[in-house]
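Engineer: sharing a model that was predicted from the sequence below.
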Amino acid sequence: MNEYSVNKKGKVMTDRRDALASMFSAKGAKVNTNRGDEYYSDLLKKMNTRLDELEKTEVASKTSIEHVLEAEGLTRRDFMKWASAACAMLMLPPTFTPTILRAAELMNRVPVIWLELQDCAGNSEAILRSDAPTIDELILDVLSLEFNETLMAAAGHQAEEHLKEAMHTFKGKYICVVEGAIPVGAGKEWCTIGAKAETFEEHLQHVAKDAAAIIAVGTCATFGGVPAAAPNPTGAVGVQDVVKGKAIINIPACPANPANITGTILHFVLTGQVPELDHLNRPKFAFGYRIHDNCERRAHFDAGEFVEEWGDEGAENNFCLYKMGCKGPMTFNNCSIVRYNEAVNWPIGAGHGCIGCSEPQFWDKYATERPIANSRIKAPTGGVEKSVDEFGIGLLAAAGIGIGIHATASIIAGKKENDNE
Amino acid sequence: MSKHIIVDPITRIEGHLRVEAIIGEDNVIKDAYASSTMFRGIETILKGRDPRDAGLLAMRICGVCTGTHYQRSIEAVEDAFDVTIPKNARIVRNLIQGALYLHDHVVHFYHLHGLDWVDITSALKADPALAEAESFNWHKTPYGVSKSELIQIQERLTKFVKQGRLGIFSNAYWGNKNYKLTPEQNLIATAHYLQALDLQRDAAKLMAIFGGKMPHPQSLVVGGVTCVQDIKNPARIALFKTLLKKFRHFIKTAYLPDLAMAGVKYVDEALDGTGGGLKNYMTYGDFRLDDTGFYKSALLFPSGVVLNGDLSKVHPFDQNKVAEDVTHSWYEGTKPLHPYDGETEPKYTGFEKKADGFSYIKPKEKYSWIKSPIYDDTRVEVGPLARMVVGVAAGDERITKYVTGFLGLLGEKLGLGKAAPTSALFSTVGRTAARAIESELIADVMMEWVDELAANVANGDLSTWTEFDFDTVSKDAKGHGLAEAPRGGLGHWVKIKDGKIENYQAVVPSTWNAAPRDYKDRMGAYESSLIGTKVADPDQPLEILRTIHSFDPCIACAVHIIDTKGKELSSFKVNTSCSI
């Protein structure tokens, strides 16, 4: 008899499959894809007001989308196709397509200042490979990327001058994209930028002050990421721990999927507001699903077929990677749908488990080749070891495939979200 | 009066770098200091973790040479465990690494370095018909620069400029007289800049086919690779070949011809050795060509050291002779130490704020987060140039063929009646050319490797992983993963005790090149290469950027890592957004 407790309240479920089904339909993991006519008509009104405002801005360009399309070798039809796809990705009804088209034509009026702090440039590199459709590239082309250390031609004094000018010209209108963590502990003074040796924190505050919104890209800028992994030698944190009183959108993952970056910017252009966010300030359109929910190997999980060791028969047959440490069941991201590099592949496709890179503290919780229960990973204070104790390690043994603990974690996450609401 | 200038940020690189230079009245650089101003602590973070997981985290040292840190870290652990990986795994790793070289070199030349040679604003003045004619001077079937294509590109650029916002092209050193290409040549290079921006996504796809994604692939594990599905699927192999062919075509008909074009225009600087610097070249070697095991296999790029530009002698490389000094780095320490025994206690002394409001480094004291690595008590340069120079000096047939091929082309275009001298490579121009020469070589050899992989799989070998008993091999072990990143020698050293990492040190390409002075006050490669360079306009230090960029700086990885004692850290604020 498989009897085990699922949560602290001691609720008992005897049928494993029912238990799993109920866990996976936890509210926190669901995206509301139909919010009713009233909601959408209100949103559409908001978007159009926003676009009217944008059209009147002083930096409005005379370039028409037709010219840009022509230069890109794209037809109006390609553009329409892209707009419908974008519409679907943002989970809006098809009636929004014309508005999205209008927004795309206005994209070049949203200036972007891209800061690099304690980073590896992985997100800048990722945006360079922005996925198909090609129109993403077009969006980037017509974005006004005012400052980006990896790509900009100017350096030194001239680069600083330009930053100053752009911040002045677009005061209160630019989007500040941040890549990399901010040291606020021992390393506070150790990282500097510019001839006056501003610390990273000063540099961020200075640029964030007049930004319309801040988009933290990658897990370093969102949750501290690599430099914040235990023992966090520099005292690194994410943007939301440093900047207060600003709209901050988190687009984690290591690096962030460029499709999610462009999608978020598009949403901002459409509405002048940040997209609907989850309890970790991540856009729900991208982080509303678990990797596991849409995984191509999910059927093998359900059938209990697992890779037991690298390169074994299971690996040759695309079996589920859970036992090799895949953290897809507790990771919220759309990798299994959008994939990477023009959808050519993704980690699970290449036979390696998910490492949970869009979740906070994933280096200390998830980034290992083994399931959590038999991982030798260093335990951060208040980390996963604690939750294993709290929610019952026996569950892992009973279920044979330790999924319960992660689902439990998701229920708690969902609950937390409800609390916030 | 001499002038002291600061260039910070140095842009179009990975990471955070500052250069200070003292420029004399004759506009010649008399003294120079390179300082890295960013720091994370990755080696400290790796301590205590499972060595099998180290590669994933170590890879995040750099998002540009992504994947290569992954391999070096995993190979250090495999070396410690004495594990030899299967043939399929070796070839797959070579293909991922090779694709990284191609991607990195092309993006470096056009998007990071190119704007030091190419004046985009001048391209607007070009006559597309003349530019098309010009392009035939450099290749018999030049890439994507027909009159029609050039007109479209020029129109697109003109529209962009008319919008009034130049975006990333704003406020650069445009119009500086040390831009030497004609408007037509600038237009050709600009066309290739835009085309490469599109094509580099294909090179990234090459890495993702076997790596899962790019940046930061995820298909390598200690003992082998995980992408069984991808190697046994002929469609994947075919896609790889198709994309590789397309990219190789660009390298041969755009990248190399553009290098020849720039080489001719900037030949004076190549011949007088501008930016030559140390002239001591070191490479760990890269790309294993057989399955005899680490440090035993034949290598595509042989390891070795060439001193003082003397091509008649190659000194064998010995990892025991590597040491790191911290005299001018923000760390405690009194003498150079081998990486296995490396210590990293931070000792930050910062900058000196002067009356002009700027902060200057303190050259007599510590001034950088980068340590000063020394090989056999000598300062050396690493990178594509070192690989090519050592290959030629070692008499490697393949490398010699590609190098002499390029020097021959250059000699012909210069009308020398013979090949350009090999010594022309010991310069900023040469460093940039070596990268292109190497790209062509790798693209060609990768074609052979894909076929080798397909044939091996077709013969029924699907093996991708070598088994080992972790508990036994991880009790007490140490190992090193030494090979190359696109920008130079990359080494990871690991000590393992009772299944956990006891000590971890990475000495990376930009540690070698961007390092400050050492305990004997000898300069690092960047610093040394700037001395004697004439700057046309000290307010627009284009020449400094050009030489520094020729090394392909990658500073996040060069930043050495502190070794703080755990206790002090508990008081720091940590992210509390997820406390589950």
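Structural biologist: The structure has been received and is ready for your questions. Every value quoted in this text rests on a predicted model; they were computed, and no experiment measured them.
Engineer: quick one: what helix or strand has residue A:299 in it?
Structural biologist: Residue A:299 is part of helix A:298-302 when elements are defined by DSSP states H and E.
Engineer: does chain B sit close to the helix or strand following that helix?
Structural biologist: Next helix or strand after helix A:298-302 toward the C-terminus (DSSP H and E): helix A:313-316. Yes. Judged by Cβ under 8 Å from any Cβ of the partner chain, helix A:313-316 comes into contact with chain B through A:315-316. Any C-beta I mention is one placed from the backbone N, CA and C, and that applies to glycine too.
Engineer: show me the contact partners of helix A:313-316.
Structural biologist: Residues outside helix A:313-316 that contact it (Cβ atoms under 8 Å, 6 or more residues apart in numbering or on different chains) are A:305-309, A:351, B:226, B:228-229, B:232, B:462, B:464.
Engineer: report the buried residues of it.
Structural biologist: Judged by neighbour count using 16 or more other Cβ atoms under 10 Å in any protein chain shown, the buried positions of helix A:313-316 are A:314-315.
Engineer: could you export it as PDB, CA atoms only?
Structural biologist: Only the C-alpha atoms of helix A:313-316 are listed here, as PDB (Å, rounded to 0.1, in the frame of the first residue of the first chain):
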ATOM      1  CA  GLU A 313      19.800   2.200 -23.900                       C
ATOM      2  CA  GLY A 314      17.400   4.700 -22.400                       C
ATOM      3  CA  ALA A 315      19.500   7.500 -23.700                       C
ATOM      4  CA  GLU A 316      19.600   6.000 -27.100                       C
END
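Engineer: what strand or helix carries residue B:478?
Structural biologist: Residue B:478 is part of strand B:476-485 when elements are defined by DSSP H and E.
Engineer: with residue B:323 instead?
Structural biologist: Going by DSSP H and E, residue B:323 is part of strand B:322-325.
Engineer: ok so, going back, just checking, what packs against the following helix or strand past the strand holding residue B:478?
Structural biologist: Going down the chain from strand B:476-485, the next helix or strand is strand B:488-497, by DSSP H and E. Counting contacts by 3 or more Cβ pairs under 8 Å, 6 or more residues apart in numbering or on different chains; DSSP states H and E, strand B:488-497 is packed against helix B:68-81, strand B:281-283, helix B:384-393, strand B:476-485, strand B:500-507, helix B:509-514.
Engineer: is the strand holding residue B:478 anywhere near chain A?
Structural biologist: No. Using Cβ under 8 Å from any Cβ, strand B:476-485 stays clear of chain A, with a minimum separation of 13.0 Å.
Engineer: repeat that for stretch B:194-212.
Structural biologist: Yes. Counting by Cβ under 8 Å from any Cβ, chain A has neighbours in stretch B:194-212: B:197-198, B:200-201, B:204-205, B:207-212.
Engineer: which among those residues count as buried?
Structural biologist: In the residues of stretch B:194-212 next to chain A, burial by neighbour count holds for B:197, B:200-201, B:204-205, B:207-212, counting by 16+ other Cβ under 10 Å.
Engineer: coming back round to it: need the helices and strands packed on strand B:488-497 in JSON lines with distance to residue A:228, can you?
Structural biologist: Output for these, formatted as JSON lines (distance: least, Cβ to Cβ, whole Å):
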{"stretch": "helix B:68-81", "distance to residue A:228": "19"}
{"stretch": "strand B:281-283", "distance to residue A:228": "35"}
{"stretch": "helix B:384-393", "distance to residue A:228": "34"}
{"stretch": "strand B:476-485", "distance to residue A:228": "25"}
{"stretch": "strand B:500-507", "distance to residue A:228": "18"}
{"stretch": "helix B:509-514", "distance to residue A:228": "23"}
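Engineer: and those, which one averages the lowest pLDDT?
Structural biologist: Among those, helix B:509-514 carries the lowest mean pLDDT, a mean of 89.
Engineer: neighbouring contacts of it?
Structural biologist: So helix B:509-514 is in contact with B:15, B:17, B:34, B:36, B:65, B:282, B:324, B:368, B:370-371, B:373, B:380-383, B:484-485, B:487-490, B:524-526, B:551, B:553-555, B:557-558, B:560, going by Cβ under 8 Å, 6+ apart.
Engineer: please flag which of those sit within strands.
Structural biologist: Among the contacts of helix B:509-514, the members falling in strands (DSSP state E) are B:17, B:34, B:36, B:282, B:324, B:373, B:484-485, B:488-490.
Engineer: list just the nearest of the residues you listed to residue B:515.
Structural biologist: residue B:373 (6.2 Å; Cβ to Cβ).
Engineer: about what we covered before: would you turn the residues of stretch B:194-212 next to chain A into JSON lines with pLDDT?
Structural biologist: Below are the residues of stretch B:194-212 next to chain A laid out as JSON lines (pLDDT from 0 to 100):
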{"residue": "B:197", "pLDDT": "85"}
{"residue": "B:198", "pLDDT": "85"}
{"residue": "B:200", "pLDDT": "89"}
{"residue": "B:201", "pLDDT": "88"}
{"residue": "B:204", "pLDDT": "92"}
{"residue": "B:205", "pLDDT": "94"}
{"residue": "B:207", "pLDDT": "95"}
{"residue": "B:208", "pLDDT": "96"}
{"residue": "B:209", "pLDDT": "97"}
{"residue": "B:210", "pLDDT": "97"}
{"residue": "B:211", "pLDDT": "97"}
{"residue": "B:212", "pLDDT": "96"}
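Engineer: which SS class is the closest residue to residue B:326 other than its chain neighbours?
Structural biologist: Among residues not flanking residue B:326 along the chain, residue B:333 sits closest, at 4.0 Å (Cβ to Cβ, 6 or more residues apart in numbering or on different chains). Per DSSP: H, G, I helix; E, B strand; the rest coil, the local secondary structure of residue B:333 is coil.
Engineer: can you count the residues close to residue B:333?
Structural biologist: If you count neighbours by other Cβ atoms under 10 Å in any protein chain shown, residue B:333 ends up with 18.
Engineer: do the one 4 residues further on as well
Structural biologist: When neighbours are defined as other Cβ under 10 Å, residue B:337 has 18 of them.
Engineer: if it is in a bridge, with which residues?
Structural biologist: Counting by DSSP bridges, residue B:337 forms beta bridges with residue B:324.
Engineer: got the contact list for it?
Structural biologist: B:323-324, B:343.
Engineer: from the residues you listed, which is closest to chain A?
Structural biologist: residue B:343 (14.3 Å; Cβ to the nearest Cβ).
Engineer: residues in contact with the residue nearest to residue B:527 when sequence neighbours are not counted?
Structural biologist: In space, and not counting its chain neighbours, residue B:527 is closest to residue B:32: 4.8 Å by Cβ to Cβ, 6+ apart. Contacts for residue B:32 (Cβ under 8 Å, 6+ apart) come out as B:19-22, B:523, B:526-527, B:530-531, B:544.
Engineer: okay, and which of those residues map to helices?
Structural biologist: B:526-527, B:530, B:544 (DSSP state H).
Engineer: any idea which of the residues you listed is closest to residue A:44?
Structural biologist: Distance to residue A:44 across the ones in helices among the contacts of residue B:32 (Cβ to Cβ) is lowest for residue B:544, with 53.1 Å.
Engineer: what's the local residue count around the closest one?
Structural biologist: Using other Cβ under 10 Å, residue B:544 has 28 neighbouring residues.
Engineer: again, but for residue B:376
Structural biologist: Using other Cβ under 10 Å, the number of residues around residue B:376 comes to 16.
Engineer: likewise residue B:446?
Structural biologist: Other residues near residue B:446 come to 24 when the count uses other Cβ under 10 Å.
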